[in-house]
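Student: mind folding the following:
(4 chains)
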Protein chains: 4
Amino acid sequence: MKNTFGNSITITLFGESHGEYIGAVLDGLAPGIEIDESYIELMLTLRRPDGKISTPRKEKDNFRIVSGVINGKTTGTPLTVLIPNENTVSSDYTALKTVARPSHADYTAQCKYHGFQDSRGGGHFSGRITAALVAAGAICKSALEKKGILIGTHIKCCNGVNDRGFGDYSSDISKLNEKTFAVLDDCCENAMKEKILLAAQDGDSVGGILETAVTGIPAGIGEPWFDSVESLISHMMFSIPAVKGIEFGVGFGYAYMRGSDGNDPFKIENGRIVTYTNNNGGINGGITNSMPIIFSTVIKPTPTIFKPQVTVDFVKMTETVIEPKGRHDPAIVHRARIVQDAATAIVLCDMLAMRFGTDWLKGSE
Amino acid sequence: MKNTFGNSITITLFGESHGEYIGAVLDGLAPGIEIDESYIELMLTLRRPDGKISTPRKEKDNFRIVSGVINGKTTGTPLTVLIPNENTVSSDYTALKTVARPSHADYTAQCKYHGFQDSRGGGHFSGRITAALVAAGAICKSALEKKGILIGTHIKCCNGVNDRGFGDYSSDISKLNEKTFAVLDDCCENAMKEKILLAAQDGDSVGGILETAVTGIPAGIGEPWFDSVESLISHMMFSIPAVKGIEFGVGFGYAYMRGSDGNDPFKIENGRIVTYTNNNGGINGGITNSMPIIFSTVIKPTPTIFKPQVTVDFVKMTETVIEPKGRHDPAIVHRARIVQDAATAIVLCDMLAMRFGTDWLKGSE
Amino acid sequence: MKNTFGNSITITLFGESHGEYIGAVLDGLAPGIEIDESYIELMLTLRRPDGKISTPRKEKDNFRIVSGVINGKTTGTPLTVLIPNENTVSSDYTALKTVARPSHADYTAQCKYHGFQDSRGGGHFSGRITAALVAAGAICKSALEKKGILIGTHIKCCNGVNDRGFGDYSSDISKLNEKTFAVLDDCCENAMKEKILLAAQDGDSVGGILETAVTGIPAGIGEPWFDSVESLISHMMFSIPAVKGIEFGVGFGYAYMRGSDGNDPFKIENGRIVTYTNNNGGINGGITNSMPIIFSTVIKPTPTIFKPQVTVDFVKMTETVIEPKGRHDPAIVHRARIVQDAATAIVLCDMLAMRFGTDWLKGSE
Amino acid sequence: MKNTFGNSITITLFGESHGEYIGAVLDGLAPGIEIDESYIELMLTLRRPDGKISTPRKEKDNFRIVSGVINGKTTGTPLTVLIPNENTVSSDYTALKTVARPSHADYTAQCKYHGFQDSRGGGHFSGRITAALVAAGAICKSALEKKGILIGTHIKCCNGVNDRGFGDYSSDISKLNEKTFAVLDDCCENAMKEKILLAAQDGDSVGGILETAVTGIPAGIGEPWFDSVESLISHMMFSIPAVKGIEFGVGFGYAYMRGSDGNDPFKIENGRIVTYTNNNGGINGGITNSMPIIFSTVIKPTPTIFKPQVTVDFVKMTETVIEPKGRHDPAIVHRARIVQDAATAIVLCDMLAMRFGTDWLKGSE
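Tutor: As a prediction, the model looks like this:
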């Protein structure tokens, strides 16, 4: 499976940055799930560059759902979202770019596709394809909400500026889902943006860390070995371009802790088993324990920068210097959080459908 | 797929800590791969506790290959490894343990298996099952070596004590593969062991970080989205008990870097395209670029400790205190590196077989 | 996997009969495969009803390839075909049809989708979706041809009228691929058409048998057990609506034969191992033996007929009579052969890519 | 996936005819399913040759369940069955058989495994491996029975001698499950056995047809396209060696019927929707309609016969004559019915677990 992921609920992604459409097929969703198109639009808008700290390319994602929905509800058969690529510059349609942008997929695409790849705007490797993932994920995220499962992601760190951690999950998640620039501590918003703008002024870019919380997930989801919750979530998250690391709960912090500090003691609260701490990020032995699922990913700085960089022409096999022009984000961390929300929603729906069957998400009605 | 992973080459794990056998079925391997049983034995020995800084339970893993090999070579049909559980204490065979060890899978197993799980020694969740993974992985690792692909893992950090990073990959990997306690800088071995022994004296445990390097991998392996090299490796690594995070290349360090620092500029060396730095860990856009694949995982401190811990009885639904007795590792990081090597070898073989076909690993003979 | 099939090369189908688009995502194809749009158009035309022995609904399938192709060649990333539904009658867009057509999916769709299914024109169950399969399959079929692998299907039987069997495979396949009504013995064409027209006059429908031959396939493709050539081909063929049986080689004829008659003795011909007979349809032990792959499927009579039929209203839970109006095929066997060709091409490409790697289909160029 | 099949519940097969063990890993079963070892033994006994109309090799299948069961109930983690190969003749352990038995997998194995295959007794291609499938399937079959889902298979035809069809499903299935030689009409038993014995006397073999009925299956199971009930069942059935065709309901009979005869009109009976006839074999549009699932497979005559046959030595590349000695079945159709029951049970459990979740099979208790 290359561009398809999932077991009971699957997502298939297609399209290139400058092709006619990008899109996604979301298959296996329960029938009867309400589709709130304005919510999809909202998530697409939040993913889109805003022209200030993101690339000035402004385009509305006029998504269309062309299958799998009737009368505003899912049919249970494959749901297809199409998003046209409207704002493409078509002058350069045929040329294969042979000078590799460092840390981008230009050279590896050549190794894999032998010159037949669509190199316009990054082609199939472009972050633009995540718009289709977001549209599909918006449907899953809103379906999960109706089952009491909430997802929120904040910018935990942007180029060294840190946000506070999650406190009251439920109010923090609500807050995040209303914000354009998703930080929990409003004070750090400007400091982060400054970092981004400074980098932009230098023709450079910055990276950051995104932290996601999921509340309301029942205990007993996941599998001991290869389909552990961590395995499935990480598989999905590394599909998001620029993600280069993931940790669950305190993650790499465990390297400095002892078991007595790192373990999460159990207690009983209102007749439910919970833990005092949540260092494990809601997962023990690959299976949910009903505490919030917590994980963080690191988003590398946008590889395309305006500074001259040493590189090669992989066809001529010569060394050269690249100095990209055009529109590029000095940071994508604030946009990627929407992608992370969406991707999380999809993989959770799949795990729940495997556990409880294909009707589960439909709700009790 | 719950206990099976892979596309062209698959691994299926089975068994419980105190059952008759644990084992693995490794399917899809090319025919004609030489099986070096002494190498499998070596890797199993390195995984096993040594009685000093690990649990004193001493048992030889008398593995047997019961299918898929004839005359010392793979047949191309499923290869099954069985490892008997010889050193089990059978008095307590029937009792379901209802007092949950914090951060262990006792409670989540209950939520998923409703009391029918085998709770003896951790059952199917036990780290013991990794012995089967190691046996299968040893075969893959040695097959890769014959194709010039080398894998080595070191203890990058143990409870705050850090090893040096990889320098000359090829000699470093050779060195690691000969060591019992896999550090690159011999000086830190004692400091790390001291940390472990100190924790042991306190009835406590410690965690650490493992860093793996893979050299000799051709460019052009992997896929842009869901089957990115990072996705597949992370999926596999999170199957290893105690892994709570993974990062590729500089990983979480990207949160503090700018694009101009984090990008890996290309150059030509001996007619081959390589990069000056390797911050991306050998992967661009989900696809290998022929530089070494580098990733680190964090291993949490062994959850079972001898200190009293607050917890619950999940059947009686009462709060209680647990104070485990018996044999437990104060650290598993030095043993887990072998598991990580093995798991890496398996997932790489699968990616290569997908790319180049089922005969590729067989070699040129 | 519900609407996705394959291992290395996958096909994902989506759409409903009266939705905006139907389509397919074909993923995993080698890069650099030439796309001959006129060939796709030809296959779509042959699949389409012709207005005489098929439903009078005349619509051109204005397919568009919206991803995965640039400069007339595959990129190696997902190839998406969209086909608009232009000739739909939109008056009845909202009503759920609650009177089940016998032998159609109306009632089972209700059991699975609880009333949320799109029941217009059969919705996602409609044979119309096979147009997308045909478009994708046309690409695979023509790629296989360049590798010397030819596929052809004839109407072996139509409502009791039998065609002759394959003789000289290569000339027979060529002939079939040029014919609108695919019979090997031209004499039986009229007799078959008469059967269809007679049924049409009675408001009834007829079924038939399709036989497919594949030549040029190398020996050694397939797997002993679950991914036997028969398993994969049959899995795919039963995805075609109306297929209710499949047999390889002499198939059900084996029930009347002895081993000494049914076995295919080997001989050497021009330095290659071949068999005298081909009762096994080119497959021994689930694996190709280089003889032509031969299989037949049975296509049941179109379930929608104009005669009154006893049935139920599955919502009111009452017995009633249905007497459909509108456009319906009195036979689909002559159209389904194109679908069978297409489906065969896709599953073969997948098997070959698994065996020889993802570049194999690209050719030697 | 080569030797693994399924989505939520998977089966992995391993072993060779003359290896140490054959076995199966059955993963994904609900926890708490009772294991009736005597039932497994019964099914294994019925699969075994009886020494009269089957090969005289007499061996008891001393199966052992070595994981996934405790206190007589499934744990929910992988269940592994091992069956030792006790009655093997070990003199000829190393020789690759290079003279291909016609219609057997000897030559195709060579094409795929290049001489590294285990050719002793058919190796991994041997029908013996079905013993492991039967052991796993026995568990599934008996779990289904507790949910009211019954499976039975009869010898519909043996070398031209026909049994009557199913009448009263429930009593017919009960009867079949108690019989050694599974026919519905006792009168045809002797006629069939005579056919087998006559063939045996001639050093020849015969084939037949097996028909399976499944009752009690709820409506709404299966998928419209690639995971149709027919697709999944046929995928599994063609994994059984010697199966060369499958048909659902009237199957190939549809080639001679009109829609008005072949359709199954609906009616209401005791408040449930049922059909008057069951030509579709309980499946409409790939989805169950609650009527019994009915399908037939054809079992080709055992390819190994004692008569001299023309063939080749595929290493020497010479033509030669083969005249096998040893123990071989003149028919396997009466043994294969147990394999078909078992395989059916496994694939149904998987479909039900996908639809209703992983706990469904556990029962209500």
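Student: pick out the residue of the stretch 101-250 of chain A closest to chain D.
Tutor: Per CB to the nearest CB, A:P224 is where the stretch 101-250 of chain A lies closest to chain D, at 6.7 Å. Heads up, the C-betas are built off the backbone N, CA and C, glycines and all.
Student: which SS class is that residue?
Tutor: When classified by DSSP: H, G, I helix; E, B strand; the rest coil, A:P224 comes out as coil.
Student: so it sits against B:G127, correct?
Tutor: No. Using CB atoms under 8 Å, A:P224 is not in contact with B:G127, being 11.4 Å away.
Student: of the two, which one has the most company?
Tutor: Per other CB atoms under 10 Å in any protein chain shown, whichever of A:P224 and B:G127 has more neighbours is A:P224, with 29 against 21.
Student: which residues touch that one?
Tutor: Contact analysis of A:P224 by CB atoms under 8 Å, 6 or more residues apart in numbering or on different chains lists A:285-287, B:2-3, B:105, B:109, B:124-125, D:77.
Student: A:G286 versus that one, what's the distance?
Tutor: Relative to A:G286, A:P224 is positioned 5 Å away (CB to CB, to the nearest Å).
Student: what do the two both touch?
Tutor: Listed as contacting both A:P224 and A:G286 by CB under 8 Å, 6+ apart are B:105, B:125.
Student: can you give me the distance of the residue of the stretch 101-250 of chain A closest to chain D to B:L133?
Tutor: 13 Å.
Student: ok, now A:E323?
Tutor: A:E323 is 48 Å from B:L133, by CB to CB.
Student: cool, A:M257 as well?
Tutor: Taking CB to CB as the measure, A:M257 falls 26 Å from B:L133.
Student: which residue does the stretch 151-300 of chain A have closest to chain B?
Tutor: Proximity of the stretch 151-300 of chain A to chain B (CB to the nearest CB) peaks at A:G285, 2.4 Å away.
Student: sorry, back to before: which one's more surrounded, A:M257 and B:L133?
Tutor: Set A:M257 next to B:L133 and count neighbours by other CB under 10 Å: B:L133 wins out with 26 against 19.
Student: just give the nearest non-adjacent residue to the more buried one, would you?
Tutor: Closest residue in space to B:L133, ignoring its immediate chain neighbours: B:A342 at 5.5 Å, by CB to CB, 6 or more residues apart in numbering or on different chains.
Student: the one you found contacts B:S142, correct?
Tutor: No. At 10.7 Å, B:A342 does not count as touching B:S142 under the criterion of CB under 8 Å.
Student: these two: which is more packed in?
Tutor: Using other CB under 10 Å as the criterion, B:A342 and B:S142 rank with B:A342 on top: 32 against 17.
Student: other SSEs contacting the one helix or strand the more buried one maps to?
Tutor: If you go by DSSP states H and E, B:A342 is part of helix B:333-356. Here helix B:333-356 touches helix B:37-47, helix B:130-146, strand B:150-158, strand B:208-215, helix B:229-237, strand B:293-299, going by 3 or more CB pairs under 8 Å, 6 or more residues apart in numbering or on different chains; DSSP states H and E.
Student: model confidence score at A:K52, please.
Tutor: A:K52 carries a pLDDT value of 68.
Student: do the same with the one 10 residues further on
Tutor: Model confidence at A:N62, given as pLDDT, is 90.
Student: which SS class is it?
Tutor: Strictly by three-state DSSP, A:N62 counts as coil.
Student: tell me who's in contact with it.
Tutor: A:83-84, A:86.
Student: okay, now A:K175: neighbour count?
Tutor: 16.
Student: so it sits against A:L184, correct?
Tutor: Yes. With contact defined as CB under 8 Å, A:K175 reaches A:L184; the gap is 7.0 Å.
Student: re earlier: which of the contacts of A:N62 ranks first by neighbour count?
Tutor: A:I83 (23 neighbours).
Student: what pairs with that residue across the strands?
Tutor: A:I22 (DSSP bridges).
Student: per-residue confidence for it?
Tutor: For A:I83, the pLDDT comes out at 97.
Student: if I look at it, how far off is chain D?
Tutor: Distance, A:I83 to chain D, by CB to the nearest CB, to the nearest Å: 24 Å.
Student: now do A:N280
Tutor: Plainly put, A:N280 is 21 Å away from chain D if you go by CB to the nearest CB.
Student: count of residues packed around A:L210?
Tutor: A:L210: 29 neighbours (other CB under 10 Å).
Student: for chain D, what's the nearest residue on chain A?
Tutor: Residue of chain A nearest chain D, by CB to the nearest CB: A:G357 (3.7 Å).
Student: could you measure from that residue over to chain C?
Tutor: Distance from A:G357 to chain C, counting by CB to the nearest CB: 12 Å.
Student: my guess is that residue contacts D:F356. True?
Tutor: Yes. Counting by CB under 8 Å, D:F356 is a contact partner of A:G357 at 4.3 Å.
Student: could you find the closest non-adjacent residue to A:E34?
Tutor: Residue nearest to A:E34 in three dimensions, not counting chain neighbours: A:K73, with 5.7 Å by CB to CB, 6+ apart.
Student: err, A:F295, not the other one
Tutor: A:F295's closest residue in space is A:F248 (CB to CB, 6+ apart), at 4.8 Å.
Student: got the phi and psi for that neighbour?
Tutor: Main-chain torsions, A:F248, degrees, to the nearest 10: phi -110, psi 140.
Student: now do the contacts for it.
Tutor: Shown in contact with A:F248 (CB under 8 Å, 6+ apart): A:230, A:233, A:280-281, A:283, A:293-295, B:244-245.
Student: cutoff 10 Å now
Tutor: Contacts for A:F248 (CB atoms under 10 Å, 6 or more residues apart in numbering or on different chains) come out as A:228-230, A:233-234, A:254, A:279-283, A:293-296, B:238, B:243-246, B:298, B:300.
Student: gap between it and A:S231?
Tutor: A:F248 sits 11 Å away from A:S231, going by CB to CB.
Student: so what sits against both of the two?
Tutor: Among the neighbours of A:F248, those also in contact with A:S231 (CB under 10 Å, 6+ apart) are B:238, B:243.
Student: how far is the helix holding B:A342 from where the chain is centred?
Tutor: 8 Å (CA atoms, centre = their mean, to the nearest Å).
Student: and the angle from that helix to helix B:130-146?
Tutor: 50 degrees (axes from the mean of the first three to the mean of the last three CA atoms, to 10 degrees).
Student: next, count neighbours for A:E178.
Tutor: Using other CB under 10 Å, A:E178 has 9 other residues around it.
Student: now do the one 4 residues further on
Tutor: As a burial measure, the neighbour count of A:A182 was computed by other CB under 10 Å and equals 26.
Student: surely it touches A:K175?
Tutor: Yes. Using CB atoms under 10 Å, A:A182 is in contact with A:K175, at 8.7 Å.
Student: common neighbours of these two, please.
Tutor: A:152, A:154.
Student: next up, the contacts around A:N263.
Tutor: Contacts of A:N263 were listed using CB under 10 Å, 6+ apart, and they are A:257, A:275-277, A:279-280, B:101-104, B:204-205, B:300-305, B:307, B:309-311.
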